Every structure is written in structure tokens, then in C-alpha cells.
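**Student:** my questions are about this predicted structure, shown below with the sequence.
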Amino acid sequence: MTLGKLLEDFLDYLEIFKIIRTFKLRMLYSDCTQIISELFKCVSKYALDKNLSGTSLDL
């Protein structure tokens, strides 16, 4: 899997535009650590799903 394809899949998986819209307001009113925690959860789930599907994450 190429880096470009991995990045494309990752952005699709996160639905990045929905996340940005959701977090725009949250960033104004909530603690940044909560937002960072949510992003790490998304990244962790993505990595776990890719690992379980047998896809190598080696770049």
C-alpha cells in the first residue's frame, strides 16, 4: 500500500470534513484535550481495523 493510498483511505475513514465541522464549535467552548482524545480514538480505531484486516501499516 502506497503512502498516498494509505493517506487517502485514512482521510476517507475519518470523514475529515465532518470532524472539522463538528470540532470547530467544540474548540471554541471545550478543552483541547477532549478534542485531541477524540482524534486519537479515531486514529487508533483506524490502525486497529487496518491491522486486523491484514493490511500492513509499514511505510
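**Tutor:** In hand now; what should we look at? Numbers count the residues shown, from 1 in each chain.
**Student:** just the element for residue 42, please.
**Tutor:** helix 32-52 (DSSP states H and E).
**Student:** so which bits of that helix are buried?
**Tutor:** Under the neighbour-count criterion of 16 or more other C-beta atoms under 10 Å, helix 32-52 has 42, 50 buried. Every C-beta, even on glycine, is put in place using the N, C-alpha and C of the backbone.
**Student:** swap in stretch 2-18?
**Tutor:** 6, 14.
**Student:** now do that stretch, average pLDDT.
**Tutor:** Averaging pLDDT along stretch 2-18 gives 73.
**Student:** for it, C-alpha coordinates in CSV please.
**Tutor:** Taking Å, rounded to 0.1, in the frame of the first residue of the first chain, the C-alpha atoms of stretch 2-18 are listed here in CSV:
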residue,chain,number,x,y,z
THR,A,2,1.5,3.3,-1.0
LEU,A,3,1.7,6.3,1.3
GLY,A,4,-0.7,8.3,-0.9
LYS,A,5,-3.3,5.5,-0.9
LEU,A,6,-3.0,5.0,2.9
LEU,A,7,-3.5,8.7,3.5
GLU,A,8,-6.5,8.8,1.1
ASP,A,9,-8.1,5.8,2.9
PHE,A,10,-7.3,7.4,6.3
LEU,A,11,-9.0,10.7,5.4
ASP,A,12,-12.0,8.9,4.0
TYR,A,13,-12.2,6.8,7.1
LEU,A,14,-12.2,9.8,9.4
GLU,A,15,-14.6,11.7,7.3
ILE,A,16,-12.3,14.6,7.9
PHE,A,17,-14.7,17.3,6.8
LYS,A,18,-17.4,16.2,9.2
